[in-house]
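Participant: Here is a sequence with its predicted model. Questions after.
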Amino acid sequence: MNLPYYEIARFCLVGLSGMVIDFSVTYLLREKAKWNQYVANSIGFLLSATNNFIWNKFWTFHNTSQDYIRQYGLFMLISLGGLLISNGVLWFCHKKLRIPFYTSKAIAIGVVVIWNYLLNKFIAFK
């Protein structure tokens, strides 16, 4: 499988912007608004996924399809799978392994990056 390095670098930069959104929203909802940490994590993740859809469609994958609704739907299904993986890793690391919450969240993000890149490249933006 031949993956262009610039595409992976762009995907990671977009992911970094999404991570800032994700962590910021999660922090504000969990720490300031005192919401449940898994609800806060889910909202942060979904807002960052919307940001990532826009940037990945136009900048990372240079996708010109006009079928925005279908692509956004596929992207969000992939992101939902990533959210389930993220919450599972977060729960396992934080509750079972006793790793601090935000360190566990960073581990979950690392796992989900691989899932998101491959499925978006070959399904949502092919």
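Facilitator: Yep, that arrived. Residues are numbered from 1 along each chain as shown.
Participant: So for stretch 63-74, first residue to last residue, what's the gap.
Facilitator: Terminal residues of stretch 63-74 lie 14 Å apart, using CA to CA, to the nearest Å.
Participant: What are the contacting residues of the strand or helix carrying Leu80?
Facilitator: Using DSSP states H and E, Leu80 falls within helix 68-91. By CB atoms under 8 Å, 6 or more residues apart in numbering, the residues outside helix 68-91 that reach it are 38, 41-42, 45-46, 49, 52-53, 56-57, 63, 65, 101, 104-105, 107-109, 111-112, 115-116, 119-120, 123-125. In this view, the C-beta of every residue, glycine as well, is placed from N, C-alpha and C.
Participant: Please list only the buried members of those residues.
Facilitator: For the contacts of helix 68-91, a neighbour count by 16 or more other CB atoms under 10 Å gives the buried set as 41-42, 45, 49, 52-53, 56-57, 63, 104-105, 107-109, 111-112, 115-116, 119-120, 124-125.
Participant: Tyr117 versus the spatially most central residue of the chain, what's the distance?
Facilitator: By CA atoms, centre = their mean, the chain has its centre lying nearest to Ala49, at 5.2 Å. From Ala49 across to Tyr117, the span is 13 Å (CB to CB, to the nearest Å).
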